[in-house]
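> Sequence below, structure please.
(4 chains)
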Number of protein chains: 4
Amino acid sequence: MPRPSVIETGELQVILEDIADRVAGMSERGKVAQYIPELASVDLNQFGIAVAPIDGAPVSAGNADTLFSIQSISKVFSLTEALQHVGATLWQRVGREPSGDPFNSIVQLEHERGIPRNPFINPGAIVVADVLLEDRSSDEAVNDVLNLCRTLAEDASIQVDKAVADSEMRTGSRNRALAHFMKAEGNLKAPVEDVLSLYFRQCSIAMSCRQLAVAGRYLAAAGQNPADGSTVLSAQRARRVTALMMMCGSYDASGEFAFRVGLPAKSGVGGGILCIVPGIASVTAWSPGLDAKGNSHLASIAFQELVRATGWSVFGPSV
Amino acid sequence: MPRPSVIETGELQVILEDIADRVAGMSERGKVAQYIPELASVDLNQFGIAVAPIDGAPVSAGNADTLFSIQSISKVFSLTEALQHVGATLWQRVGREPSGDPFNSIVQLEHERGIPRNPFINPGAIVVADVLLEDRSSDEAVNDVLNLCRTLAEDASIQVDKAVADSEMRTGSRNRALAHFMKAEGNLKAPVEDVLSLYFRQCSIAMSCRQLAVAGRYLAAAGQNPADGSTVLSAQRARRVTALMMMCGSYDASGEFAFRVGLPAKSGVGGGILCIVPGIASVTAWSPGLDAKGNSHLASIAFQELVRATGWSVFGPSV
Amino acid sequence: MPRPSVIETGELQVILEDIADRVAGMSERGKVAQYIPELASVDLNQFGIAVAPIDGAPVSAGNADTLFSIQSISKVFSLTEALQHVGATLWQRVGREPSGDPFNSIVQLEHERGIPRNPFINPGAIVVADVLLEDRSSDEAVNDVLNLCRTLAEDASIQVDKAVADSEMRTGSRNRALAHFMKAEGNLKAPVEDVLSLYFRQCSIAMSCRQLAVAGRYLAAAGQNPADGSTVLSAQRARRVTALMMMCGSYDASGEFAFRVGLPAKSGVGGGILCIVPGIASVTAWSPGLDAKGNSHLASIAFQELVRATGWSVFGPSV
Amino acid sequence: MPRPSVIETGELQVILEDIADRVAGMSERGKVAQYIPELASVDLNQFGIAVAPIDGAPVSAGNADTLFSIQSISKVFSLTEALQHVGATLWQRVGREPSGDPFNSIVQLEHERGIPRNPFINPGAIVVADVLLEDRSSDEAVNDVLNLCRTLAEDASIQVDKAVADSEMRTGSRNRALAHFMKAEGNLKAPVEDVLSLYFRQCSIAMSCRQLAVAGRYLAAAGQNPADGSTVLSAQRARRVTALMMMCGSYDASGEFAFRVGLPAKSGVGGGILCIVPGIASVTAWSPGLDAKGNSHLASIAFQELVRATGWSVFGPSV
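Reported below is the predicted structural model:
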């Protein structure tokens, strides 16, 4: 019985270029996120994809080196930082179940007394940000998340896009509502504006497909950074973060993504999707147009094509 | 990088017996389902586990040959039967997302006009049953599901437990409410009592851990029945059913199961849990005591132990 | 300070005819209820209004003697019958608050464990019907409600419209869902089909504006039937039933009706609205076309006109 | 048929003293609001009641001249101010239906895109505050509401309790969540902190039973201030505000209050309840202990006693 397996660099290059070619010609491309002004002006005609095998050089196609706003994909890195920091007590303040609601829903919070369902919906990530502020300032925490991204991506040039962060800080009323609601329920300790300052800045980190793919390898590699063999998370925690990506990483279309693609993923409204192929590789695809659920339309299609070509679904081989 | 891999029969036997031994001594055992009278009298002091590798003989420990009511695990087999029968049009009548609500919730149905979130919550399985009745009677459909179980388990002795089925038929008011609600919304075609007669009987099929484990192998084997090489489902459909198990198979504790165990699973209130290890094996554990979310308390623990010992999580190796 | 006051018969006749004239010319007439086939064929070009003072002869205009299906207005009479029968223990099984949801919503039932918010939404009236069955058959209970209507209306000819009742019995899936749901929660004692047989038949009673207006006088007259001085309900209970009409009588447009009209009312999807003017009169208007919330479009307008002309709002005089 | 009617001063005095005496002896007194620190320290052993007939001198008993925080009763005055100011366009931004949810619920807002159900739940009153800020500063608007209270109560000494206002401003996370949520949905124009500054200060106005009763007379008097005959609201608007009090004035216990008392009322968590007897009087009772729904326990009982003694229910006479 064939299992997901490593694919030669040359063969992978052909697969990725083929995907980029086919996707380039598609007329239905989704819509860029409108609610963050700085994102609304991004050119819809872009697509990139990069695969970072845990034991080889990255392979890519399309606009794989173009920077984009990682947005909710940052929740993977802030959760990693928080798990290093406070460990399992984090789970007293945020759940581990899919929510069945949109990423910015407040209904579930009211029904469940301010405990977000999981760390990948907005209120959950805001709680994670609050956890990071227990022993450091908002500026320090932004630096810590940023440095984690730089180290994992092996690229010290990664930055917060200040224009995006400022734009979100000005317009983020829905996230403010979520934060104040949790404050009222006793599930937020730091001042709301401090937490949001961290949250909006981590979401505004700009990375390329290649950088993100390289940065995600530790989740495919039992928690170890393949670059230097250092432990980012224990193997168990790496599996658990990956499980959360599968269950909750694509908002209320997580089921659909698992059904169609079969890989744990974290999606962002900047149009990026980071997928983990356990034991093999970390992959990022990006295109700014979103579908109705807020996931990149073309990046989702690209992952379906990739899994068809590689057999990398965790739910079994293609043939 | 180690991947989930086949384990020798002898080593597996030792692992299963060790699990059975440890679980036997646990004092916290959950509670048997109270709302089906026939299930309420099952002896809490039972535990069984069986592994059916896709290319080898089953291995088991504990009460692995004791029959129990498969209940919601039957939803895997009725979905398989329906996919063989009507194919993809099924998805016009039932979704593929986790619901975020208990298995028998009606709230989501009202908010989403009678379309159940997925085929593994009760209303979804009732729609699947209705699909089966499009060209056959309730009795014929029961026989078809039963024969599928018999063929897959290689055991012609498998039967519906009539006492359980009658008990459910008398007391199933909540499921009747769900069915009539969907009827009102136009998402149920056959008469409600015909659909429920099928649904309650499929849930009342009695199987052992060993039988269920053998029966589940096609999902680990790209849709093919290892017994005879016949195609039960296409490889893509087998992956998709397995993905649905991961996302929605353990009611509103599916996230927790993915987090702790990392295997696609389908749970039943009879205390059984069927897990798929893609490319390797199908596994069933059973103990009648349930936790607060309706999943077998000891079977859940057993799967955590099994994954720890085997490294079979789809989210990456243990070490 | 002027208070709502009795108006001379002649003056009232002029007011009613003026209303009927103006309403006759309106082009926007709403839509007849579609979900009960027998109601869908009623002629939209009908309008009637009748005022029954507690101490004088009824006055009417338009199609005030045309029979129509009283539908949910019957909930006032079945509640009256139940209060006579079991008294205050009824309130252990049904609440007294507006629901904020449509009349046939099941969401609130799930959140509040099968206790309907009030006796005028469908699940509440179904519980009231169940209460009536505690010591009599469904046929006997139908007769009791029918006889109450006949006595109050001083008209022995009032009947259940069997064609409507049969039509509802065949198509009432949503009400069946509500009933089975409450059965599951332990808030329904009699068999569901018995309860619904009573419920659908009481809703199918056919009455005219004049008959309904006369029948409602006891609620305006401190619980006493002006025809013979007999006590239908205690003064306190009459006030309380009237209060429930104000708070919950027009489905989820009860607030709007109170805001625009200012009288306690019970509406039915047959197009009738019964209003109480405490201490003065009972009034019924009818026109089969409904607005989006299920209340008669023209009857609602007629009541606004009537209150403008008479100053009968319970919230204060017009001038 | 007797109708609610004016009662002689002497007789009213006896009734009120009798009520104050009986209430003084009750051991179950509810609990003071805990979530506003300044309110949590108020002495539970206080009770006052005052009746202000529209055409006579006020009558009172108990601690009728003790100042308390009017809290949500201020919503009546801010709504009056806004109706004078913007008129009917207000209703494009806030509904007129009971919500069926607690006063600070955010669930309804999400389901209905930021339009609060009515102006007497917190989000509705926050929108009304925002309306007032269309052409004036927060400080000016506070003065306008305060001056309206002073004029209506014929008492220039009425003030905002700054300690209470500051306390609410510091701890009002739930209201901040509501405001930011509506901001996100486009239903709040002024900066959130400006709106809340007005809202918290209007809620912190301190008045006595006597002052509040006198101030409410215009609602019983067809919108005219009995003191000077000036028009506060048109007769129609006065009726409509009164109707809203009936339907939505006691949070999610409005139905219960209508059922037991039968008068339009506005309740506040400071323990005050303002009731309108249309055409006759305005009444305020106060006791700081609240029941589970947030209404004063003893003031509610006092109104039941008052209506029993006076027959003032709008739903009909007692006898």
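> For chain B, see how far away residue A:240 is.
Here residue A:240 is placed at a distance of 5 Å from chain B (CB to the nearest CB, to the nearest Å). In short, each C-beta sits where N, CA and C put it, glycine included.
> Check residue A:132 too.
According to CB to the nearest CB, residue A:132 stands 21 Å off from chain B.
> got the contact list for that residue?
Residue A:132 is in contact with A:78, A:81, A:82, A:85, A:141, A:144, A:145, A:198, counting by CB atoms under 8 Å, 6 or more residues apart in numbering or on different chains.
> rerun that using 7 Å as the cut-off
Taking CB atoms under 7 Å, 6 or more residues apart in numbering or on different chains, we find residue A:132 in contact with A:78, A:81, A:82, A:85, A:141, A:198.
> Ok, residue A:118 next?
The contact partners of residue A:118, by CB under 7 Å, 6+ apart, come to A:94, A:95, A:96, A:97, A:98, A:99, A:124, A:244, A:248, B:255.
> hmm, try it at 10 Å
Remark: with contacts taken as CB atoms under 10 Å, 6 or more residues apart in numbering or on different chains, residue A:118 is in contact with A:75, A:79, A:94-99, A:124-125, A:244, A:247-249, A:254, B:255, B:259.
> what about the single nearest residue of the stretch 1-150 of chain A relative to chain B, how many residues close to it?
Nearest residue of the stretch 1-150 of chain A to chain B, counting by CB to the nearest CB: residue A:100, 2.4 Å away. The burial metric for residue A:100, expressed as a neighbour count using other CB atoms under 10 Å in any protein chain shown, is 21.
> picking that back up, which members of the contacts of residue A:118 are positioned in helices?
By the criterion of DSSP state H, membership of those in helices covers A:75, A:79, A:124, A:125, A:244, A:247, A:248, A:254, B:255, B:259.
> Isn't the last one up against residue A:119?
No. Between residue B:259 and residue A:119 there is no contact under CB atoms under 10 Å: 11.2 Å.
> the more surrounded of the two?
In this comparison of residue B:259 against residue A:119, neighbours counted by other CB under 10 Å, the higher total goes to residue A:119 at 27 against 23.
> Relative to residue A:79, how far out is the more buried one?
5 Å (CB to CB, to the nearest Å).
> ok and the residue in the stretch 1-150 of chain A nearest chain C?
Distance from chain C to each residue of the stretch 1-150 of chain A (CB to the nearest CB) is smallest for residue A:111, at 8.7 Å.
> Next, count neighbours for the closest residue to that residue other than its chain neighbours.
With CB to CB, 6 or more residues apart in numbering or on different chains as the measure, residue D:107 is the residue that lies nearest to residue A:111, at 7.5 Å, once sequence neighbours are left out. Using other CB under 10 Å, residue D:107 has 18 neighbouring residues.
> Identify the residues contacting residue D:107.
So residue D:107 contacts A:105, A:106, A:107, A:108, A:109, A:110, A:111, D:99, D:100, D:101 (CB under 10 Å, 6+ apart).
> Report whether the last one is found in a helix, as I expect.
Read that as residue D:101. No. For residue D:101, which was evaluated using DSSP: H, G, I helix; E, B strand; the rest coil, the result is coil, with no helix membership.
> Now that it has come up, it's in contact with residue D:251, right?
Yes. When contacts are counted by CB under 10 Å, residue D:101 is listed as touching residue D:251 (9.0 Å).
> Settle it for me: which of the two has more neighbours?
When residue D:101 is set against residue D:251 and neighbours are counted by other CB under 10 Å, the residue ahead is residue D:251, at 24 against 17.
> mind checking pLDDT for the more buried one?
In this prediction, residue D:251 carries a pLDDT score of 88.
> got the contact list for it?
So residue D:251 contacts D:72, D:98-99, D:101-105, D:120-122, D:257, D:267, D:269, D:293-295 (CB under 10 Å, 6+ apart).
> circling back to that earlier point, for residue A:119 and residue A:79, list the residues in contact with both.
Contact criterion CB under 10 Å, 6+ apart; residues shared by residue A:119 and residue A:79: A:90, A:94, A:125, A:128, A:131, A:241, A:244.
> give the contact list for the nearest residue to residue A:242 once chain neighbours are set aside.
When the adjacent residues along the chain are set aside, residue A:242 lies closest to residue B:315, with 4.2 Å between them (CB to CB, 6+ apart). Residue B:315 makes contact with A:219-220, A:235-236, A:238-246, A:264, A:276, A:278-279, A:314, B:4, B:258-259, B:261-263, B:307 under the criterion CB under 10 Å, 6+ apart.
> rewinding a little: which of the contacts of residue A:132 fall within helices?
Secondary structure from DSSP H places A:78, A:81, A:82, A:85, A:141, A:198 of those in helices.
> Pick out the most distant pair among those.
The largest separation in those, counting by CB to CB, is between A:85 and A:198 at 13.2 Å.
> shared neighbours, those two?
Residues touching both residue A:85 and residue A:198 by CB under 10 Å, 6+ apart: A:128, A:132, A:136, A:141, A:144.
> Check the second one and give its pLDDT.
At residue A:132, the pLDDT value in this model is 97.
> Same check on the last one?
The predicted structure scores residue A:144 at 98 on the pLDDT scale.
> can you pull the contacts of it?
Counting by CB under 10 Å, 6+ apart, residue A:144 touches A:77, A:78, A:81, A:84, A:85, A:132, A:136, A:198, A:202.
> now, which of these sits nearest chain D?
Within those, proximity to chain D (CB to the nearest CB) peaks at residue A:198, which comes in at 17.5 Å.
> Residue A:127 is in contact with the closest one, correct?
No. With contacts counted by CB under 10 Å, residue A:198 stays clear of residue A:127, the gap being 11.8 Å.
> Residue A:266 looks like it's in a helix, true?
No. Checked against three-state DSSP, residue A:266 lies outside a helix; its state is strand.
> burial count for the nearest residue to it once chain neighbours are set aside?
With CB to CB, 6+ apart as the measure, residue A:249 is the residue that lies nearest to residue A:266, at 4.2 Å, once sequence neighbours are left out. If you count neighbours by other CB under 10 Å, residue A:249 ends up with 32.
> just to revisit the earlier point, chain D: which of the shared contacts of residue A:119 and residue A:79 is nearest?
Proximity to chain D was ranked across the shared contacts of residue A:119 and residue A:79 by CB to the nearest CB; first place goes to residue A:125, at 16.8 Å.
> Around chain C, which positions in the stretch 1-150 of chain A sit nearby?
With the criterion set to CB under 10 Å from any CB of the partner chain, the stretch 1-150 of chain A comes near chain C through residue A:111.
> which stretches of the stretch 1-150 of chain A form helices?
When assigned using DSSP state H, counting those that start in this stretch, the helices of the stretch 1-150 of chain A occupy the ranges A:9-24, A:37-40, A:74-85, A:107-111, A:122-132, A:138-153.
> what's the spacing between the fifth one and its chain's center?
If I follow you right, that is helix A:122-132. Helix A:122-132 has its C-alpha centroid displaced from the chain centroid by 15 Å (CA atoms, centre = their mean, to the nearest Å).
> Just the buried positions in the host helix or strand of residue A:309, please.
Mapping residue A:309 onto the secondary structure by DSSP states H and E places it in helix A:297-310. Across helix A:297-310, burial judged by 16 or more other CB atoms under 10 Å in any protein chain shown covers A:297, A:298, A:299, A:300, A:301, A:302, A:303, A:305, A:306, A:307, A:309, A:310.
> cool, and stretch A:141-153?
Of the residues in stretch A:141-153, those scored as buried under the neighbour-count criterion (16+ other CB under 10 Å) are A:141, A:142, A:144, A:145, A:146, A:148, A:149, A:150, A:151, A:152, A:153.
> Leaving out the residues flanking it, which one is nearest to the first one?
Nearest residue to residue A:141 in three dimensions, chain neighbours excluded: residue A:132, at 4.4 Å (CB to CB, 6+ apart).
> quick one, strands of the stretch 101-250 of chain A?
With DSSP state E, counting those that start in this stretch, the ranges of strands along the stretch 101-250 of chain A come out as A:159-160, A:205-207.
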